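Engineer: Here is my input; please provide its structure:
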Amino acid sequence: MSDYMERIKEFINGKKVLILGFGREGRSTFDLFAKAGTAAKISIADANTALTLPEGFPQTVVHTGANYQNHIFNYDIIMKSPGIVLEPQVLTETERITSQAELFLKWYGKQTIGITGTKGKSTTTTLLYHILKENGKKTILAGNIGIPAFDILDQIEDDSLIVCELSCHQLEYTKYSPHIAIFLNLYEEHLDHYGSFEKYKEAKMNIFKYQDKDDILYIGDEVEALAKGANSSVNVCCYTEDSKEYAEHTSLLGKHNFFDISLVAKVAAGLGIDKASFIRALKTYKPLPHRLEYFATVNGVKYYDDSISTISETTIQALETLTDTDCVLIGGMDRGIDYSPLESYFAEHPAVNVVLMYETGARIAREMELKYGVKINTEGLFLAPNLKEAVALCGRIAKKGKSVVLSPAAASYGYFRNFEDRGEVFKTLVNNLK
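Structural biologist: Modelled structure (predicted):
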């Protein structure tokens, strides 16, 4: 019997367990706990009234609908999935609420390199994993990258290094931190979930809050002040002119990516990987899709997919990187973030045609008119009802030899399944322009 299964058996032994949220991670938790077989009861709670029951477990109790969280009070252990917002009436029950991330860090934190930040997490995580793997380290990838932590438990050995992307939602209630923590940056995001930037920041800071003097923190210089009082060894990372030396060894674009690469180089050096070995591995790293990804030239115009962009800062980074941009497509779900920096940037760069879409697009259009007197559809600021119409408009107005980039500065929810779906739809629409 493997060590992890003994831990699971002991943890749920004789307990009534409620899985709160039944998406990818919730299903992963159910499968493992059902296999362990020591819980007195395993139930599911989710707002979705059309849940599909786990195969082979037709008697599982399922609580659905608007009041699904009210059932928390009847269980000993509540396994919360990321993204579930606890309702006011259950916030007093947080001592019984845990998660895959918390249990994983409790049991394997000393083997874990955890990565968080508002932007750049997935690139940094996959790049670090690739560098370590290519240099002979016994390395496992997990976390918010799309691999639930419980799905890799059977792969972990005593000398394994686990590279784990950790979102704010995974960190929100955890009381454990990884041995090596990487905190890249912090911008306004997820205000619809947290209600305030302060609460969002506190969730992120859990990545190092519970470290001790034997642990290590790598933190971006923009958020260095947050590490004041950290118990661990703090390494501040910043972008320098030397960071650009990696440009010739990678297809990643932009200052923000060169910062991520130089930070990963510092982490890798701390794990015994020399510069020459790092660069050799960097050359074979394949960037993730939907992150300032060039994918087509149509009618002489270059098209880039930056669908991962959900805040003003990343859109500005995209435009600063693609200096030949003629059209940028902006807009999506409105989560209440401040668009003043982006609006100011547009006002200062009138040569870029801004094509606005959906809820946030309409809001930015109104704010640009009020603040800068810009007239919609007459001064490089265009309003389109959706992505299809926005792409068609760019196809008509973009100049040959220039670039068009989808960098929405907004969430995809409500219009697409996720940012990946938005990016794929964009690519299809562009290729249809041919």
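
Engineer: Would you mind measuring from residue 144 to residue 115?
Structural biologist: 9 Å (C-beta to C-beta, to the nearest Å). All C-beta spots, glycine's among them, are computed from the backbone N, C-alpha and C.

Engineer: Mind checking which of those two has more residues around it?
Structural biologist: Using other C-beta atoms under 10 Å, the more surrounded residue of residue 144 and residue 115 is residue 115, with 34 against 23.

Engineer: any idea whether the more buried one is helix, strand or coil?
Structural biologist: Under DSSP: H, G, I helix; E, B strand; the rest coil, the three-state class of residue 115 is strand.

Engineer: OK, contacts around the residue nearest to residue 111 when sequence neighbours are not counted?
Structural biologist: Sequence neighbours aside, residue 162 is the residue nearest to residue 111 in space, at 5.4 Å (criterion: C-beta to C-beta, 6 or more residues apart in numbering). Counting by C-beta atoms under 8 Å, 6 or more residues apart in numbering, residue 162 makes contact with 108, 111, 112, 113, 139, 140, 142, 152, 156.

Engineer: same check, this time on residue 150
Structural biologist: Residues near residue 150 by C-beta under 8 Å, 6+ apart: 25, 28, 29, 32, 100, 104.

Engineer: Residue 285 now?
Structural biologist: 126, 127, 130, 131, 250, 252.

Engineer: which residue of this structure sits farthest from its center?
Structural biologist: Using C-alpha atoms, centre = their mean, the residue of the chain lying farthest from its centre is residue 378. It sits 36.2 Å away.

Engineer: thinking again about what came up before, using CSV, lay out the contacts of residue 285 together with neighbour count, secondary structure and distance to residue 353.
Structural biologist: Formatted as CSV, those follow (neighbours: other C-beta atoms under 10 Å; DSSP: H, G, I helix; E, B strand; the rest coil; distance: C-beta to C-beta, whole Å):
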residue, neighbour count, secondary structure, distance to residue 353
126, 19, helix, 33
127, 28, helix, 33
130, 19, helix, 37
131, 27, helix, 39
250, 18, coil, 29
252, 20, coil, 26
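
Engineer: still on that earlier bit, of the contacts of residue 150, which is the most crowded?
Structural biologist: Ranking the contacts of residue 150 using other C-beta under 10 Å puts residue 104 first, with 28 neighbours.

Engineer: Mind checking what secondary structure it has?
Structural biologist: helix.

Engineer: Quick check: closest non-adjacent residue to residue 103.
Structural biologist: residue 11 (7.2 Å).

Engineer: any idea which helix or strand carries that neighbour?
Structural biologist: Element membership for residue 11, per DSSP states H and E: helix 3-12.

Engineer: What are the buried residues along that helix?
Structural biologist: 4, 5, 7, 8, 9, 11, 12 (16 or more other C-beta atoms under 10 Å).

Engineer: from the contacts of residue 162, which ones fall inside helices?
Structural biologist: residue 108 (DSSP state H).

Engineer: what about the residue nearest to residue 111, which SS state?
Structural biologist: strand.

Engineer: Domain map for the protein?
Structural biologist: Under the assignment automatic domain parsing, the domains of the chain span 3-96, 102-282, 293-432.

Engineer: Report the rounded mean pLDDT for the last one.
Structural biologist: To tie it back to what came earlier, the one meant is domain 293-432. Computed over domain 293-432, the mean pLDDT rounds to 95.

Engineer: same thing with the shortest one?
Structural biologist: Per-region confidence: domain 3-96 scores 92 on mean pLDDT.

Engineer: burial count for the residue nearest to residue 141 when sequence neighbours are not counted?
Structural biologist: Spatially, and ignoring its direct neighbours in sequence, residue 141 is nearest to residue 129 (4.6 Å; C-beta to C-beta, 6+ apart). Burial of residue 129 is recorded as 25 neighbouring residues (other C-beta under 10 Å).

Engineer: Surely residue 129 and residue 163 touch.
Structural biologist: Yes - using C-beta atoms under 8 Å, residue 129 is in contact with residue 163, at 4.3 Å.

Engineer: what do those two both touch?
Structural biologist: What both residue 129 and residue 163 touch, as defined by C-beta under 8 Å, 6+ apart, is the set 139, 141.

Engineer: Just the strands from the stretch 151-300 of the chain, written as ranges.
Structural biologist: Assigned by DSSP state E, counting those that start in this stretch, the stretch 151-300 of the chain shows strands spanning 161-165, 180-183, 216-220, 233-237, 293-298.

Engineer: Would you format those strands as a markdown table with distance to residue 119 included?
Structural biologist: A markdown table is the format used below for the strands of the stretch 151-300 of the chain (distance: least, C-beta to C-beta, whole Å):
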| stretch | distance to residue 119 |
| --- | --- |
| strand 161-165 | 12 |
| strand 180-183 | 12 |
| strand 216-220 | 11 |
| strand 233-237 | 15 |
| strand 293-298 | 15 |
